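Engineer: my questions are about this predicted structure, shown below with the sequence.
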Amino acid sequence: MPTSKPARNRNKHRGSSFETFLKKEGLHEEVHAVALKRAVALKVADLMKERKLNKSTMAGQMRTSRAAVHRLLDPENTSITLATLNRAARSLGQKVKIEFVAG
């Protein structure tokens with residue numbers, strides 16, 4: 001009488017990385033874009049809170065609309081321009097640093 005359990009169906013993704021899964025599903029670029037935008041949005045929101053700035057004040061300092069600031073802070077909206085990001089950084093007393101790294 002066998003004492004071991006019968007082998008179950010193997011999961012084809014078992015042992016692979018999440019990155020590999022995303023690439024196979026064609027979602028890698030989109031997920032990375034959303035993650036990057038979420039990080040930027042959180043950083044801007046943290047800096048605004050630290051400086052006690054609301055969206056209207058921030059928009060005035062950036063010389064843009066309150067809706068543009070809302071889009072900047074929306075982690076799902078990945079369509080941010082470098083010009084907008086740079087204006088936001090300057091309004092918060094920061095600089096933007098963009099770096100390419102091997103991936």
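Structural biologist: Yep, it's here.
Engineer: where does this protein have low pLDDT?
Structural biologist: 1-15 (pLDDT under 70).
Engineer: OK, contacts around the closest residue to residue 63 other than its chain neighbours?
Structural biologist: Using Cβ to Cβ, 6 or more residues apart in numbering and skipping the chain neighbours, the partner closest in space to residue 63 is residue 87 (7.1 Å). The way it works is simple: take the backbone N, C-alpha and C, and place the C-beta from them, glycine included. Neighbouring residues of residue 87 by Cβ atoms under 8 Å, 6 or more residues apart in numbering: 62, 63, 64.
Engineer: and which of these is nearest residue 91?
Structural biologist: Using Cβ to Cβ, residue 62 comes nearest to residue 91 of the contacts of residue 87, at 5.0 Å.
Engineer: pretty sure that closest one sits against residue 73.
Structural biologist: No - Residue 62 lies out of contact with residue 73 (Cβ atoms under 8 Å); the separation is 12.0 Å.
Engineer: of these two, who's got more company?
Structural biologist: Between residue 62 and residue 73, residue 62 has the larger neighbour count (other Cβ atoms under 10 Å), namely 20 against 17.
Engineer: distance check, that one against residue 32.
Structural biologist: Separation of residue 62 from residue 32 (Cβ to Cβ, to the nearest Å) stands at 26 Å.
Engineer: figure out how far stretch 81-93 is from the centre of its chain.
Structural biologist: Centroid separation for stretch 81-93 versus its chain: 16 Å, with Cα atoms, centre = their mean, to the nearest Å.
Engineer: mind listing what's buried in that stretch?
Structural biologist: Neighbour counts over stretch 81-93 (16 or more other Cβ atoms under 10 Å) mark 84, 87, 88, 89, 91, 92 as buried.
Engineer: pretty sure the last one sits against residue 48.
Structural biologist: Yes - using Cβ under 8 Å, residue 92 and residue 48 qualify as a contacting pair, with a distance of 7.0 Å.
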